[in-house]
Structures are given as C-alpha cells and as structure tokens.
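Q: Quick one: sequence and predicted model below, then my questions.
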Amino acid sequence: MSLWVGTVLTNLLSVLPHGTEIVEFVRSGYLLGDPTIRNFTSAHYWLPVFILGLAIVLMWLQFTFRAVEPSNIVSGQIYWGSGILRTLLSLCPWLIALAYLVCFLPDYLGLAESYTPANYYSIPYRIVPEWYLTPYFSILRAFPGKAIGVTLLLSAFGIFYSYLCSITSGQRMPQVAFHFG
C-alpha cells in the first residue's frame with residue numbers, strides 16, 4: 001500500500017514547472033522503488049523525533065533565559081519552578097498514552113492492507129493514506145484536474161493556518177524576556 005500512496009504523493013510534484021524531473025529525482029528513478037519507500041518510512045520515524053527534540057530545545061531556551069509570564073513581569077520571578085513542573089505534569093498523561101499505544105498496540109492505527117508487499121502489476125481497490133492525511137487525500141479525489149486538486153490542497157493548509165492565527169490574535173501572548181549574563 002505504501003507503494004501506491006507514495007506514487008500519489010510524488011505525482012503531486014508533477015504540477016510544478018519541470019515536475020517530471022523533480023518526480024524522478026524524488027523517486028530515485030522512473031518508478032517508485034524500494035529505496036524511496038525505505039526513505040519515506042525512515043522519514044516517518046526521524047521526523048517526529050526531530051520535532052520532539054526541537055520542542056525540548058525550545059522549552060529549555062524558554063526556561064533557561066528567564067522567560068516570565070505577564071503576571072510575573074512586575075515581580076521578576078523566574079519561570080523554572082512552577083513552569084517546568086506544570087509542563088511536565090501536562091505531558092505525563094500524553095506520554096503514558098503514547099507509550100501504551102507503542103508498546104502494547106503497535107498496529108492499532110494501521111491497516112492490514114499496509115503490510116501487503118508492493119506489486120506494480122496489481123493496483124489495490126482503494127488507496128488509503130494514513131489517518132492524518134485522509135482529509136487532504138479526499139480533496140485530491142474530489143477534483144478531476146491535478147492542478148486544481150493541488151491548489152485546493154495547499155489552500156486547505158493555508159485556511160487551517162489562517163484559522164489558527166485568527167483564534168490567537170486577540171489573546172495576549174506571553175512576554176519573553178531574554179537576559180544573557
């Protein structure tokens with residue numbers, strides 16, 4: 001199944017100028033092969049670890065350089081004590097749930113079709129992406145033209161981002177004060 005999802009996702013790049021050359025570069029050849037699928041699979045493993053590492057570095061920077069909440073600006077209290085404890089306590093239930101899912105139910109969110117070997121000569125009845133890509137894959141299926149589908153796919157990301165910006169624009173963001181020294 002990953003062969004056909006990878007084929008659909010790499011074909012999205014063919015909309016760009018010089019798209020066929022870009023698609024062949026990403027696929028490492030004319031057809032999507034085993035090395036490309038291996039690269040996509042490894043990206044599914046290292047990308048979340050990279051994002052987690054980035055989040056840890058950002059939390060360290062926030063707590064180390066005396067980031068203060070708006071209520072503590074006047075008093076000048078350092079954020080380490082309650083801030084790090086509150087962050088860790090809010091992360092614990094999520095980490096326990098994730099550990100349970102990974103250790104005891106590793107195939108719970110997967111599909112049985114994903115474990116069939118890749119076969120170029122038989123196209124599956126339906127190509128099912130991962131659960132987090134399903135709405136975007138539906139946008140691509142709804143329109144016959146590839147360029148229209150890719151444009152609407154990118155606009156869906158833009159609409160989601162603008163919504164996130166609009167709900168946080170009225171709130172006062174925490175003040176961050178950096179003191180080096």
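A: Ah, there it is.
Q: Run through the strands of this protein in chain order.
A: For the chain, strands defined by DSSP state E do not occur.
Q: Which helix runs longest in it?
A: Longest helix in the chain by number of residues, with DSSP state H as the criterion: helix 34-64.
Q: pLDDT on that helix, on average?
A: Mean pLDDT, helix 34-64: 82.
Q: what stretches of this protein score poorly on pLDDT?
A: 1, 63-84, 111-114, 168-181 (pLDDT under 70).
Q: Which parts of it are helices?
A: Secondary structure of the chain (DSSP H): helices located at 2-11, 19-27, 34-64, 80-104, 134-142, 146-169.
Q: who's in contact with Tyr100?
A: Taking CB atoms under 8 Å, 6 or more residues apart in numbering, we find Tyr100 in contact with no residue. (C-beta placed from N, C-alpha, C; glycine too.)
Q: nope, Ile139 is what I was after
A: Ile139 touches Gly149, Leu152, Leu153, Ala156, counting by CB under 8 Å, 6+ apart.
Q: Separate out the buried members of those residues.
A: Gly149, Leu153 (16 or more other CB atoms under 10 Å).
Q: Nearest to Trp94 among the contacts of Ile139?
A: Ala156 (26.2 Å; CB to CB).
Q: Could you pull up the contacting residues of the closest one?
A: Pro135, Tyr136, Ile139.
Q: Try it again at 7 Å.
A: By CB atoms under 7 Å, 6 or more residues apart in numbering, the contact set of Ala156 is Tyr136, Ile139.
Q: cool, Leu101 as well?
A: By CB under 7 Å, 6+ apart, the residues touching Leu101 are Tyr108.
Q: quick one: it and Gly110, what's the gap?
A: Computed as CB to CB, to the nearest Å, the Leu101 to Gly110 distance reads 11 Å.
Q: How about stretch 124-143, which residues are buried there?
A: Applying 16+ other CB under 10 Å to stretch 124-143 flags Val128, Pro129, Phe137, Ile139, Leu140 as buried.
Q: what's next to stretch 106-125, contact-wise?
A: The contact list for stretch 106-125, computed with CB under 7 Å, 6+ apart, reads Met1, Ser2, Leu3, Trp4, Leu31, Ile37, Leu101, Val128, Trp131.
Q: ok, the fifth one - how many residues close by?
A: Spelled out, it's Leu31. By other CB atoms under 10 Å, 11 other residues sit near Leu31.
Q: Please identify the nearest residue in space to it, excluding sequence neighbours.
A: The shortest distance from Leu31 to any residue other than its chain neighbours is 6.9 Å, reached at Tyr120 (CB to CB, 6 or more residues apart in numbering).
Q: Got phi/psi on the one you found?
A: Torsion angles at Tyr120 (phi, psi; degrees, to the nearest 10) stand at phi -70, psi -20.
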